[in-house]
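Engineer: Could you work out the structure for the sequence below:
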Amino acid sequence: MFFNQQQNSAVFPLVLEYPNVNIGSSVVKEFTITNIFDSTLIILNFELSSEVFFTENITPFSIPVGDSVTVNVTFTPLQVQQYNDTLVIIANYDLEIVLLNGNGIMEYSGMGNGVWRKS
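Structural biologist: Model prediction:
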């Protein structure tokens, strides 16, 4: 089982909130996995259901007792809409879920002459 004093988890934070992101642009957020067990924690896999959130961490990997690993999750929206996903962390002790939330936007700015351009 994963454990954190505030959230009953060795994963922190358990929710990644992304800002409004222009379509085609990307924002990276991170979470940390800490091994609070008395033997090696093995992260077997990360599972995501959407193509707009991804991580470049290669699984499986090990975290020695007392160590931590930072995992980056990139959000690249494809459409103007709200995106919600869950990243499932599958490990040798248990599994944990990190919630992912973000908004894809198309931002325009005026040029002052009636012509609009994409920012």
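
Engineer: what does the strand or helix carrying Glu17 contact?
Structural biologist: Of the helices and strands defined by DSSP states H and E, Glu17 is found in strand 15-22. Residues outside strand 15-22 that contact it (C-beta atoms under 8 Å, 6 or more residues apart in numbering): 27, 29, 31, 73, 75-77, 98-107, 119. All C-beta spots, glycine's among them, are computed from the backbone N, C-alpha and C.

Engineer: mind listing the strands in this structure by residue range?
Structural biologist: Using DSSP state E, the strands assigned to the chain run over residues 11-12, 15-22, 27-34, 41-47, 53-54, 61-63, 68-75, 81-91, 95-105, 108-110, 116-118.

Engineer: on that earlier part again, and the contacts of strand 15-22, which of them are buried?
Structural biologist: Buried subset of the contacts of strand 15-22 (neighbour count, 16 or more other C-beta atoms under 10 Å): Val27, Lys29, Phe31, Val73, Phe75, Thr76, Pro77, Val98, Leu100, Gly102, Gly104, Ile105.

Engineer: Can you name the two of those residues that sit furthest apart?
Structural biologist: Phe31 and Ile105 (23.7 Å; C-beta to C-beta).

Engineer: Is it correct that Glu47 is in contact with Ile90?
Structural biologist: Yes - with contacts counted by C-beta atoms under 8 Å, Glu47 reaches Ile90, the gap being 6.8 Å.
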